[in-house]
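> sequence first, predicted model second:
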Amino acid sequence: MTAEEALAAADAGERWATPRCMTEAQHQRLERLRRQTALKN
C-alpha cells in the first residue's frame, strides 16, 4: 500500500491501529500528513 492509498482510505473513513507493515514512527508521520492534508481542504 502506498502512502497515497493509505491517505485515500483514511479520507474514506477507514480506521486502523498501527499497521504491522510500518513502524510506529512511520505511522505517526502518515497521520501527521493526513491531518495536514485535512487542514488544507
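The structure has been received and is ready for your questions.

> need the helices for the protein, in chain order.
Remark: helices assigned in the chain by DSSP state H are 3-11, 24-40.

> most tightly packed of those?
helix 3-11 (a mean of 13; mean count of other CB atoms under 10 Å). Where C-beta positions appear, they are placed from N, C-alpha and C, glycine not excepted.

> which strands or helices does that one pack on?
The contact analysis (3 or more CB pairs under 8 Å, 6 or more residues apart in numbering; DSSP states H and E) places helix 3-11 against helix 24-40.

> roughly how far is the helix it packs on from the heart of the chain?
6 Å (CA atoms, centre = their mean, to the nearest Å).

> tell me the mean pLDDT for that helix?
For helix 24-40, mean pLDDT is 84.

> tilt between it and helix 3-11?
60 degrees (axes from the mean of the first three to the mean of the last three CA atoms, to 10 degrees).

> how much space between Arg34 and Leu7?
Going from Arg34 to Leu7 by CB to CB, to the nearest Å gives 6 Å.

> no wait, Gln28
Plainly put, Gln28 is 14 Å away from Leu7 if you go by CB to CB.

> what's the closest of the helices of the chain to Ala17?
Between Ala17 and those, the shortest gap by CB to CB is with helix 24-40, which sits at 8.8 Å.

> CA atoms only for that closest one, dumped as CSV, please.
C-alpha atoms of helix 24-40 as CSV (Å, rounded to 0.1, in the frame of the first residue of the first chain):
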residue,chain,number,x,y,z
GLU,A,24,5.3,3.5,14.9
ALA,A,25,7.4,6.4,13.6
GLN,A,26,6.2,5.8,10.0
HIS,A,27,2.6,5.6,11.2
GLN,A,28,2.9,8.8,13.1
ARG,A,29,4.4,10.5,10.1
LEU,A,30,1.5,9.3,7.9
GLU,A,31,-1.1,10.5,10.5
ARG,A,32,0.7,13.9,10.6
LEU,A,33,0.5,14.2,6.8
ARG,A,34,-3.2,13.1,6.9
ARG,A,35,-4.0,15.9,9.4
GLN,A,36,-2.1,18.5,7.4
THR,A,37,-3.9,17.5,4.3
ALA,A,38,-7.3,17.7,6.1
LEU,A,39,-6.5,21.2,7.2
LYS,A,40,-5.9,22.3,3.6
